[in-house]
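Enquirer: Model the following, please.
(one chain, ligands or ions: 1)
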Amino acid sequence: MRVQPVAAACLAAAVAAVAAPPAAAETDVERVMRSPAYQAAAAHLDADRGRIVEEAIALQQIPAPTGQEARKAQAFADMLRAQGLRDVAIDAEGNVTAVRPGRGRGMVAVVAHLDTVFPLDTDLTVRREGDRIFAPGLADDSHGLAVLLGLARALDAAGATHDADLLFVGSVGEEGLGDLRGVKHLLGAGPYRDRITRFIALDGTDPAEIVNRGLGSKRYRVTFTGPGGHSYLAFGTVNPVYALADATTRLARLRVPRGATLNVGVVQGGTAVNAIPTRAEMQVDMRSLERAHLDALERRLLRIVRRAARDENRARSTKSGRIEVTPVKVGDRPSGVTKASDPLVRIARDAVAAHGWTPRLSTQSTDANVPMSRGIPAVTLASGLGGGEHAAAEEHLDVEPGAHARQLRMNLAAVLAAAGA
Ligand SMILES: [Zn+2]
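Expert: The predicted model follows:
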């Protein structure tokens with residue numbers, strides 16, 4: 001029994017050795033955070049918080065539903081110009097872009113979106129409750145746009161330099177049926193399409209969250225039309241509602257690949273109880289991280305709706321006309337992943353952790369989907385703290401000074417490390 005304490009002591013020594021490994025190599029984020037440039041820029045951001053919030057509110061006050069971002073884009077471009085940024089422009093799709101030159105070794109796009117989910121007539125009044133500022137579109141994503149302005153000022157004040165050029169972007173079409181059209185253009189046809197090597201979207205209100213998996217989706221509006229007629233006099237005529245119902249039933253029975261989803265979200269049609277409808281419509285949403293799964297689901301959807309139309313044409317009379325089906329793709333968000341082992345994800349994790357949050361990788365549909373689908377390393381980081389996004393009365397930004405300052409510094413550290421400061 002006397003050997004046991006010795007064994008325990010040996011074990012304790014072994015555990016201690018494991019717990020205290022030799023000093024690990026310094027990470028990019030640690031190196032950045034030790035630099036005088038980061039420290040000066042971070043101090044500037046701290047002092048600039050009030051202005052950042054004011055600018056976020058000024059931008060939030062300009063209505064910008066998806067597809068109607070032009071006024072807000074103009075205002076944001078003016079603010080970037082006033083900041084002294086170079087090459088401030090509004091591209092052919094409506095994105096605002098501005099460059100902070102580095103040493104030309106790559107280009108890091110830092111992106112917040114201009115559009116909101118709220119229609120033009122939404123009451124945009126701002127309401128404060130303690131540290132919370134309630135306003136539709138403030139957290140998602142006007143504050144993100146203001147963070148870009150704040151970062152530009154802080155980097156200038158600190159005289160920071162970086163290897164990669166920084167491209168600040170206010171994007172259009174991020175929400176809903178905007179279909180990420182802004183970033184699709186940025187990377188597909190825009191003037192910087194061949195230069196962007198890394199992509200950081202600032203969007204979301206949970207600073208622990210790092211989006212490195214972009215959930216892709218395809219959305220369809222499928223319309224069935226037919227000749228219609230009196231419910232009694234034309235009884236026996238093909239009925240678009242029957243074709244639609246057949247299609248939805250088949251879709252409901254479809255076995256979707258693991259991790260993929262399919263939903264019939266809207267069904268409408270018909271005009272009167274005593275009329276055979278001339279039209280019936282459904283809206284279908286399919287999602288997956290895997291492009292192949294999405295493509296397969298799309299093919300099955302198209303097969304099913306065509307078959308439903310054909311079967312209805314066989315089941316009832318087509319004497320006065322046939323059922324036609326028109327599937328229209330109304331959404332196509334590419335999927336993609338930035339591997340957890342990618343240096344950019346590592347930078348994001350280190351930046352989040354260094355500012356007091358436990359990093360969590362997650363799956364979302366954001367502007368970062370597009371670069372991910374093209375193999376450009378991309379992540380989405382929080383652009384603020386708060387919650388209630390997409391709900392006019394609930395959306396709020398939390399500007400509790402300590403956490404707000406940490407979130408801004410986290411964005412700064414990630415951007416500087418990504419750009420090779
Ligand atoms: Zn957003």
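
Enquirer: Could you use CA atoms for every contact and neighbour count after this?
Expert: Will do.

Enquirer: Look up how far G170 lies from the residue of the stretch 251-400 of the chain found nearest the ion.
Expert: Proximity of the stretch 251-400 of the chain to the ion (CA to the ion) peaks at T366, 7.1 Å away. Look at T366 and G170: by CA to CA, to the nearest Å, they are 13 Å apart.

Enquirer: Which one of these two is surrounded by more residues?
Expert: G170 (29 against 26; other CA atoms under 10 Å).

Enquirer: which residues sit in contact with that one?
Expert: By CA atoms under 8 Å, 6 or more residues apart in numbering, the contact set of G170 is A73, F76, N95, V96, T97, V111, A112, H113, L114, L145.

Enquirer: per-residue pLDDT, the residue of the stretch 251-400 of the chain closest to the ion?
Expert: pLDDT, T366: 97.

Enquirer: In strands, which of the contacts of G170 appear?
Expert: V96, T97, V111, A112, H113 (DSSP state E).

Enquirer: ok, and the most crowded of these?
Expert: H113 (31 neighbours).

Enquirer: any idea how far that one lies from the ion?
Expert: Distance, H113 to the ion, by CA to the ion, to the nearest Å: 7 Å.

Enquirer: Could you say which helix or strand holds the most centrally placed residue in the chain?
Expert: By CA atoms, centre = their mean, the mean C-alpha position of the chain lies nearest to T366, the distance being 1.5 Å. Under the criterion DSSP states H and E, no helix or strand holds T366.

Enquirer: what packs against the helix or strand hosting V29?
Expert: Using DSSP H and E, V29 falls within helix 28-34. When contacts are defined as 3 or more CA pairs under 8 Å, 6 or more residues apart in numbering; DSSP states H and E, helix 28-34 packs onto helix 343-354, helix 401-418.

Enquirer: In a markdown table, list these along with mean pLDDT and mean neighbour count.
Expert: Output for these, formatted as a markdown table (pLDDT from 0 to 100; neighbours: other CA atoms under 10 Å):
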| stretch | mean pLDDT | mean neighbour count |
| --- | --- | --- |
| helix 343-354 | 98 | 22 |
| helix 401-418 | 98 | 23 |
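
Enquirer: With distance to R81 added, can I get those in a markdown table?
Expert: As requested, the helices and strands packed on helix 28-34 are exported to a markdown table (distance: least, CA to CA, whole Å):
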| stretch | distance to R81 |
| --- | --- |
| helix 343-354 | 28 |
| helix 401-418 | 20 |
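
Enquirer: Save these as JSON lines, and put in distance to the ion too.
Expert: Formatted as JSON lines, the helices and strands packed on helix 28-34 follow (distance: least, CA to the ion, whole Å):
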{"stretch": "helix 343-354", "distance to the ion": "18"}
{"stretch": "helix 401-418", "distance to the ion": "16"}
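
Enquirer: Helix, strand, or coil at the residue in the chain that the ion sits nearest to?
Expert: Going by CA to the ion, the ion is nearest to D140 of the chain, at 4.5 Å. Assigned with DSSP: H, G, I helix; E, B strand; the rest coil, D140 falls in the helix class.

Enquirer: how about it, what does it touch?
Expert: Going by CA under 8 Å, 6+ apart, D140 touches T116, D203, G204, E389, H390.

Enquirer: Just give me the closest of those to A245.
Expert: H390 (31.0 Å; CA to CA).

Enquirer: ok, now which ones touch the closest one?
Expert: Contacts for H390 (CA under 8 Å, 6+ apart) come out as V117, F118, P136, G137, D140.

Enquirer: let's see it at 7 Å
Expert: Going by CA atoms under 7 Å, 6 or more residues apart in numbering, H390 touches V117.

Enquirer: Give me the distance between stretch 309-320 and the centre of its chain.
Expert: Mean-position distance between stretch 309-320 and its chain equals 43 Å (CA atoms, centre = their mean, to the nearest Å).

Enquirer: got a list of contacts for that stretch?
Expert: P227, G236, T237, V238, A243, R322, I323, E324, V325.

Enquirer: gap between the fourth one and L297?
Expert: Read that as V238. According to CA to CA, V238 stands 27 Å off from L297.

Enquirer: Who has more neighbours out of the two?
Expert: Between V238 and L297, counting by other CA under 10 Å, V238 is the more crowded of the two (31 against 24).

Enquirer: just checking, R51 is part of a helix?
Expert: Yes: assessed by three-state DSSP, R51 belongs to a helix.

Enquirer: which residue sits closest to R291, ignoring its sequence neighbours?
Expert: Spatially, and ignoring its direct neighbours in sequence, R291 is nearest to S335 (6.1 Å; CA to CA, 6 or more residues apart in numbering).

Enquirer: got the phi/psi numbers for that neighbour?
Expert: Reported as degrees, to the nearest 10, the phi and psi values for S335 are phi -100, psi 160.

Enquirer: tell me the contacts of it?
Expert: By CA under 7 Å, 6+ apart, the contact set of S335 is G214, L215, G216, L289, E290, R291, N369, S373.

Enquirer: Show me how the record splits this protein into domains.
Expert: 28-215+335-418, 216-333 (automatic domain parsing).

Enquirer: Just name the most buried of these.
Expert: domain 28-215+335-418 (a mean of 21; mean count of other CA atoms under 10 Å).

Enquirer: now do the same end-to-end measure for that domain.
Expert: End-to-end distance of domain 28-215+335-418 (CA to CA): 8 Å.

Enquirer: So what sits opposite T326 in the bridge?
Expert: The partner list for T326 in beta bridges (DSSP bridges) reads T223.

Enquirer: give me every residue that touches it.
Expert: Neighbouring residues of T326 by CA under 7 Å, 6+ apart: V222, T223, F224.

Enquirer: before we move on, what about R195?
Expert: The contact partners of R195, by CA under 7 Å, 6+ apart, come to G106, M107.

Enquirer: what do you get for the one 5 residues further on?
Expert: Listed by CA under 7 Å, 6+ apart, the contact partners of I200 are A109, V110, V111, A378, V379, T380.
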